[in-house]
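Undergrad: dropping a prediction and its sequence here:
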Amino acid sequence: MPNAKEQPSQEHTFETALGQLEKIVRDMESDDMPLEQLLVAYEEGTKLVKVCQQKLGEAEKKIEIIQRRAAADPELKEFDPAAKSAAKGVALF
């Protein structure tokens, strides 16, 4: 188990945090863990839950942005070859 002073959000992906959280839950449910270890495991578990929530929140924001971009009406502009050439400083002839 990582040291309680480490910053889980910096070192974990969602999948690794969830995997460690699942292992902690299994270990805690085994009834073989002394109380002091249970407290340490519980603290680590709460940190991992925060990491998972943060990662899910970030993913939700990205999905929202993608959906907004996909739902936006395309902006139609008339093609003006002279404007494009003038913008580049290149003459057509």
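TA: Noted; the coordinates are in hand.

Undergrad: tell me the pLDDT at the residue nearest the centre of the chain?
TA: Compute the mean C-alpha point of the chain, and by Cα atoms, centre = their mean the closest residue is residue 55, 3.4 Å away. The confidence metric pLDDT takes the value 95 at residue 55.

Undergrad: same check on the one 4 residues further on?
TA: According to the per-residue confidence, residue 59 scores 93 in pLDDT.

Undergrad: ok, it - contacts?
TA: residue 14 (Cβ atoms under 8 Å, 6 or more residues apart in numbering). Bear in mind the C-beta positions are built from the backbone N, C-alpha and C, glycine included.

Undergrad: where does it sit, in terms of helix or strand?
TA: Secondary structure assigned from DSSP states H and E places residue 59 in helix 35-71.

Undergrad: returning to that earlier point: what sits against the residue nearest to the centre of the chain?
TA: Neighbours of residue 55 in contact, by Cβ under 8 Å, 6+ apart: 13-14, 17.

Undergrad: give the buried subset of the residues you listed as a PyMOL selection command.
TA: Below is the selection syntax for PyMOL that covers the buried ones among the contacts of residue 55, with 16 or more other Cβ atoms under 10 Å defining burial:
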select buried, resi 17
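
Undergrad: quick one: the residue nearest to the centre of the chain from residue 26, how far?
TA: 21 Å (Cβ to Cβ, to the nearest Å).

Undergrad: same check on residue 58?
TA: From residue 58 over to residue 26 (counting by Cβ to Cβ), the distance is 27 Å.

Undergrad: need the pLDDT of residue 91.
TA: 48.
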